[in-house]
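> quick one: sequence plus predicted model below, questions after.
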Amino acid sequence: MQDIRLAIFDWDGTLMDSVGRIVACVQGAARDCELTVPTPTRIRQIIGLSLDVAMSRLFPLCSDSGATSDERQIAALIDRYRHHYLHDATPSPLFAGAGALLHDWQSQGLQLAVATGKSRRGLDRVLDETGLRPLFVTSRGADEANSKPDPLMLEQILAELGLSPRQAVMIGDSVHDMAMAEAIAMPRIGVTWGVDSRDALGRHGPVAVVDSMAALRALL
């Protein structure tokens, strides 16, 4: 991977161990809206998608009152999810070694970016909380492009930096990350410490699937 100039990271489940918190907050939102609470397994399958797409998949309401009623219910779920995310006490630290990897790659001249299912507001909050904002040259949240696996956010990042897909690599823990990069023939690396398995990630033709931050660090 000698020609790589940019590493684009997913956030939840890749850099930050936030899967447990996301699960708890989705379940809390469902309870608040008096809906069937989805299992952790089902919730893990939508992590990485934008909130509107994720909630629509988890709660296919199709009410007798029509589309407008469904849209209001999705909006209510998103509102309650955001409320819980601000107040939930489930720890969501960076994965061990993530900060060191980012500092190392950046010091070597590799540009870093983020492409995430978080909203801009949510992404800005965690960038500031972790102190990692200065390491990234750019980022995209779910409300600034189409939801993964649509590759629009990757295309926007590449256009901003004047790079081709072959000069960048997408790093993520979900099949949504892998499919997004696959759609524009961008090299991709799967990590197994997040939501999806090695086999699931491998179906999207990654250049590697790694089981540790050290193994990832050694690739570039």
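Great, that's in hand.

> ok, Ala208 - contacts?
189-190, 219 (Cβ atoms under 8 Å, 6 or more residues apart in numbering). Where C-beta positions appear, they are placed from N, C-alpha and C, glycine not excepted.

> quick one, longest helix in the chain?
Ranked by residue count, the top helix of the chain under DSSP state H comes out as helix 67-87.

> just name the shakiest helix or strand of this protein by mean pLDDT.
Within the chain, no helix or strand scores below helix 67-87, which has a mean of 87 by mean pLDDT, DSSP states H and E.

> contacts for that helix, please.
If you take Cβ under 8 Å, 6+ apart as the criterion, helix 67-87 is touched by 21-22, 24-26, 28-30, 32-33, 35, 51-52, 55-56, 59, 61-63, 122.

> let's see 6 Å
Where contact means Cβ atoms under 6 Å, 6 or more residues apart in numbering, the residues beyond helix 67-87 that reach it are 25, 28-29, 32-33, 51, 55-56, 61, 63.

> just the buried ones among these, please.
Among those, those that count as buried by neighbour count (16 or more other Cβ atoms under 10 Å) are 25, 28-29, 33, 51, 55-56, 61.

> as JSON lines, those with distance to Met1, secondary structure and pLDDT would be great.
Listed next are the buried ones among the contacts of helix 67-87 as JSON lines, based on distance: Cβ to Cβ, whole Å; DSSP: H, G, I helix; E, B strand; the rest coil; pLDDT from 0 to 100:
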{"residue": "Cys25", "distance to Met1": "36", "secondary structure": "helix", "pLDDT": "96"}
{"residue": "Gly28", "distance to Met1": "41", "secondary structure": "helix", "pLDDT": "97"}
{"residue": "Ala29", "distance to Met1": "40", "secondary structure": "helix", "pLDDT": "96"}
{"residue": "Cys33", "distance to Met1": "45", "secondary structure": "coil", "pLDDT": "94"}
{"residue": "Leu51", "distance to Met1": "33", "secondary structure": "helix", "pLDDT": "93"}
{"residue": "Met55", "distance to Met1": "36", "secondary structure": "helix", "pLDDT": "94"}
{"residue": "Ser56", "distance to Met1": "36", "secondary structure": "helix", "pLDDT": "93"}
{"residue": "Leu61", "distance to Met1": "44", "secondary structure": "coil", "pLDDT": "71"}
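
> give me the low-pLDDT residue ranges for this structure?
Residues of the chain that meet the criterion pLDDT under 70 lie in 62-69.

> who's in contact with Leu152?
145-146.
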